[in-house]
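[1] Fold the following and give me the result.
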Amino acid sequence: MTPPPTTSAGSAAAVPMPGGASPGSAAPGGGAATFADPFDSRLALRAPGLLGEFNAAGVLSAADVHVALRLGRFGPETDDGVLLAVALAVRGPRLGHVHVDLASVRHTATVDVDVPVDLQALPWPDPDPWVAAVAGSPLVAHGVDRPDDRSLRLVGSWLYLDRYWREERQVAADLALRAEHGAGPVDLDVLRAGLDRLFPDDGGDAGPDRQRLAAAAAVLRPLTVVAGGPGTGKTTTVARILALLDEQAEAVGAPPPLVALTAPTGKAAARLVEAVHEEASGLDITEERRSRLLATQASTLHRLLGWQPGNRSRFRHHRGNRLPHDVVVVDETSMVSLSQMAKLVEAVRPEARLVLVGDPQQLASVEAGAVLGDIVGPAADRLLIRAEARAGMAAATGEAVDADDPPAGTAVGDGIVVLQRVHRFGVGIAALADAVRRGDADATIAALSGHPDEVTWIPIDLANPASDATSGRVTLATVRAAAVAAGAAISEASRSGDARAALDALGQFRMLCAHRRGPYGVATWSAQVEAWLAAAVPGFAATGSWYVGRPLLVTENDYTLGLYNGDTGVVVAAGPERLTAVFERRGEILEFSPARLSAVETVHVMTVHKSQGSQFDTVAALLPDPDSPILTRELLYTAITRARRRLLLVGSEEAVRTAVTRPVARSSGLRRWLWDARPGR
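    Okay, the predicted model is just below:
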């Protein structure tokens, strides 16, 4: 039986709601129909049965429904529950999930509408018979080791689209294989001498020097993860790793290694190479070695792999045409999606070293997967290194390595080191970030009041500040003062044509929001900041598309100009009635005519997502309502750790506690395949 055809919303005639409900009425089965507008583009008109009810409730989009019905025709499959499961599997990657867990999805599902929905009132199928029906569907391959070309894969109660199943298993298999082998010949005497020279005892905290340990692991292992929060010395360690690898090549009679520095975004790649070059300039190494490090360049992952215009899924480098590099360093790995990681690990030669760098506590990729968090797994809290690997690292460092045996004897932990000592911001911000990272809400509330010189908490709801004990007008004066001071400094420097001072002032303060629109969004608060500046800064006038002192955010990569998505700059006066847009790159000022910049926006305020990889002297983080689905532990942690010296956190206690106790829950099996079981092909 072929399911009835569906039509996208937007046709001229009004069409009944799914399941026969009229607009705004209660949907069948107890779920509230939330689309009052019958032409809402999210509504799949004439969608049958459960698909219609879950679409009307906002759980499924029209695209989810249409794809499920199309696959059902190919099956053929007409079972209502199976088609619902297929639609949920289609929906998952759009929300960052690699699979959907049919046993728990009724408790974890979210809706794509702005009104409250009682998800438990929807007619969810009973899990056991639902999983059994899906397992028997002609659309679904069942089990781990059975090769099949069907559209979906069921493992236990996890339902994958076949593409994501293959990518997840491939990443797990490639990483596990790389982790199980050594990295080739190593001169331990040269390595120990290099470690002693590049990581001298600084008289810091007691305990092992984890930067030194990470560097040793990168020389000894073909797979290394250098993880840690901002200011823990990740890029400092990377520069020294490259110097050690260059020394090793000379010691064993090999040519200097060919190094690739890469990151998921152009901005992150530019910051990586700048940091490596800055560190290399002061290292205790030969001038010849230093010149090689200073000649190292960086690119985005897409450019490294050989992105082909018009085809986002195929690259020039792959398993049959590997990258030529001996060392591949990936920064900001937390932003790398499962699909990107699958393309990368298959393109790196088996004998090459892969070094993954990033903070697993930060926001994950906007696409499917939480790859870095899954790879680090239980090693986030303690070193998990096999006995033979510990012995090798002890021989290289000259120190005993205090580590536990990994679960199931897995090798992936042999090269994972999480840096813990913070070198950048003060004790107050560090204590707050640590409390959030641990998910301790009480400790977070205490840390918000423990160091008022570093952390100022303004416990109000921005959408309704008058409802709080302290008037929003009074408490937001601190945020207003910081915004006006930074804006005045930018404006004054820009009017005088001092590009350096304008860019320095731009890095002094940034306001961060979770949303782009609404009472907690960038658009609302950007307009508010401009109003504050217009009232308080003489000569400030945000008129027209371009004005002196306008802070700029680049929104697309422009390789011709050398500007990347996320770069920030300022419009400054360059003479009578002449403006120029200035940016900084490797300590130098770049100037461009505004007419050459096509993809920029004003950046008085930016989203927390956009701020990843950046830091500012003072940050004002504006938390949304506790009901916001994007208010998570990772978002709060990321916002807090953008501040170098001072944090202004605006949000109710309920919002703070909600964020701390709500970690991002992305459905993924990569951690299981790496840490709990031997992945197979």
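
[2] Would you map the helices across the stretch 1-150 of the chain?
    Applying DSSP state H, counting those that start in this stretch to the stretch 1-150 of the chain gives helices spanning 49-56, 62-74, 80-94, 105-108, 127-135.

[3] Can you tell me how far Val479 is from Ser628?
    As defined by Cβ to Cβ, to the nearest Å, Val479 lies at a distance of 19 Å from Ser628. C-beta coordinates here come from the backbone N, C-alpha and C atoms, glycine included.

[4] Of those two, which one has the most company?
    More crowded of Val479 and Ser628, by other Cβ atoms under 10 Å: Val479, with 23 against 17.

[5] hang on, the more buried one packs against Ala621?
    No - contact criterion Cβ atoms under 8 Å: Val479 and Ala621 do not qualify, at 10.0 Å.

[6] what is in contact with these two at once?
    Common neighbours of Val479 and Ala621, counting by Cβ atoms under 8 Å, 6 or more residues apart in numbering, are Leu648, Val650.

[7] in which helix or strand would I find Glu367?
    Using DSSP states H and E, Glu367 maps to neither a helix nor a strand.

[8] What residues of stretch 143-150 count as buried?
    Judged by neighbour count (16 or more other Cβ atoms under 10 Å), stretch 143-150 contains these buried residues: Arg150.

[9] Now that stretch: average pLDDT?
    For stretch 143-150, mean pLDDT is 77.

[10] Straight-line length of it, end to end?
    End-to-end distance for stretch 143-150: 12 Å, by Cα to Cα, to the nearest Å.

[11] Can you give the contact residues for that stretch?
    With contact meaning Cβ under 8 Å, 6+ apart, stretch 143-150 is reached by Pro138, Leu139, Val140, Ala141, Leu154, Val155, Asp162, Gly680.

[12] hmm, which of those are the buried ones?
    For the contacts of stretch 143-150, a burial check counting by 16+ other Cβ under 10 Å picks out Leu139, Val140, Ala141, Leu154, Val155, Asp162.

[13] which residues touch the second one?
    This means Val140. Contacts for Val140 were tallied using Cβ under 8 Å, 6+ apart; they are Val82, Val134, Arg150, Ser151, Leu152, Arg153, Leu154, Leu159.

[14] Need the max-distance pair from those residues.
    Val82 and Arg153 (14.0 Å; Cβ to Cβ).

[15] quick one, strands of the stretch 151-300 of the chain?
    Taking DSSP state E, counting those that start in this stretch as the test, the strands found in the stretch 151-300 of the chain are 152-155, 158-161, 223-228, 259-263, 298-300.

[16] Could you list the alpha-carbon positions for the fourth one in CSV?
    Okay, so that is strand 259-263. Presented in CSV, the C-alpha positions along strand 259-263 are these (Å, rounded to 0.1, in the frame of the first residue of the first chain):
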residue,chain,number,x,y,z
VAL,A,259,53.5,19.5,8.7
ALA,A,260,49.9,20.5,8.2
LEU,A,261,48.2,22.9,10.6
THR,A,262,44.4,22.9,10.2
ALA,A,263,41.2,23.8,11.9
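
[17] Name every sheet partner of that strand and say whether each one runs parallel or antiparallel.
    strand 298-300 (parallel), strand 327-330 (parallel) (DSSP bridges).

[18] quick revisit: can the contacts of stretch 143-150 go into JSON lines with extra columns for distance to Val355?
    JSON lines is the format used below for the contacts of stretch 143-150 (distance: Cβ to Cβ, whole Å):
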{"residue": "Pro138", "distance to Val355": "44"}
{"residue": "Leu139", "distance to Val355": "40"}
{"residue": "Val140", "distance to Val355": "38"}
{"residue": "Ala141", "distance to Val355": "35"}
{"residue": "Leu154", "distance to Val355": "36"}
{"residue": "Val155", "distance to Val355": "31"}
{"residue": "Asp162", "distance to Val355": "31"}
{"residue": "Gly680", "distance to Val355": "26"}
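
[19] I'd like the distance between the closest residue to His604 other than its chain neighbours and Asn464.
    Distances taken as Cβ to Cβ, 6 or more residues apart in numbering put Val529 closest to His604, at 4.1 Å, once the chain neighbours are dropped. For Val529, the distance to Asn464 equals 20 Å [Cβ to Cβ].

[20] Among those two, which residue is more densely surrounded?
    Ranked by neighbour count (other Cβ under 10 Å), Val529 and Asn464 place Val529 first, with 23 against 12.

[21] Mind telling me what element that one is part of?
    Val529 is part of helix 522-536, with elements assigned from DSSP H and E.

[22] what does that helix rub up against?
    Identification of contacts with helix 522-536 by Cβ under 8 Å, 6+ apart yields 480, 483-484, 487-488, 491, 511, 513, 515-518, 540-542, 602, 604-607, 622.

[23] Next: stretch 383-395.
    188, 213, 216-217, 220-221, 378, 400-407, 409, 411, 413-414, 416-417.

[24] could you flag which of these are buried?
    The neighbour-count test (16+ other Cβ under 10 Å) marks 188, 213, 216-217, 220-221, 378, 401, 403, 406, 411, 413-414, 416-417 as buried among those.

[25] Mind picking the one among the residues you listed that's closest to Pro125?
    In terms of Cβ to Cβ, no member of those lies closer to Pro125 than Pro378, at 33.6 Å.

[26] Hmm, Asp405 and the closest one touching each other?
    No - under the criterion of Cβ under 8 Å, Pro378 is not in contact with Asp405, lying 11.6 Å apart.

[27] Give me the pLDDT for Leu503.
    Leu503 is assigned a predicted lDDT (pLDDT) of 90.

[28] Mind checking what secondary structure it has?
    helix (DSSP: H, G, I helix; E, B strand; the rest coil).

[29] Make residue 1 into 47 and carry on from there
    Got it, first residue is 47 now, which makes that one Leu549.

[30] Nearest spatial neighbour of it, chain-adjacent residues omitted?
    Once flanking residues are discounted, Leu549 sits nearest to Glu630: 5.1 Å by Cβ to Cβ, 6+ apart.

[31] same question, Thr283
    On the basis of Cβ to Cβ, 6+ apart, the spatially nearest residue to Thr283 that is not a chain neighbour turns out to be Gln257, at 4.7 Å.

[32] Look up how far Gly274 lies from the one you found.
    Look at Gln257 and Gly274: by Cβ to Cβ, they are 9 Å apart.

[33] what touches both of those two?
    Applying Cβ under 8 Å, 6+ apart, one finds that Gln257 and Gly274 are jointly contacted by Leu465.

[34] what bridges to the residue nearest to Leu549?
    Applying DSSP bridges to Glu630, the residues it is bridged with are Ile635.

[35] ok, it touching Ala548?
    No - the pair Glu630 / Ala548 is not scored as a contact, 10.1 Å apart, by Cβ under 8 Å.

[36] Please name the residues that touch Ser345.
    Counted by Cβ under 8 Å, 6+ apart, Ser345 has contacts Ala306, Leu307, Thr308, Ala315.

[37] picking up where we left off before, grab the two from the buried ones among the contacts of stretch 189-196 that are most spread out in space.
    Leu185 and Val201 (14.9 Å).

[38] In a markdown table: the buried ones among the contacts of stretch 189-196, plus distance to Arg541.
    Shown next, in a markdown table, are these (distance: Cβ to Cβ, whole Å):
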| residue | distance to Arg541 |
| --- | --- |
| Leu185 | 65 |
| Val186 | 65 |
| Ala187 | 66 |
| Leu200 | 64 |
| Val201 | 62 |
| Asp208 | 59 |
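
[39] which one among these gets closest to Arg365?
    Closest approach between those and Arg365, by Cβ to Cβ: Asp208, at 18.3 Å.
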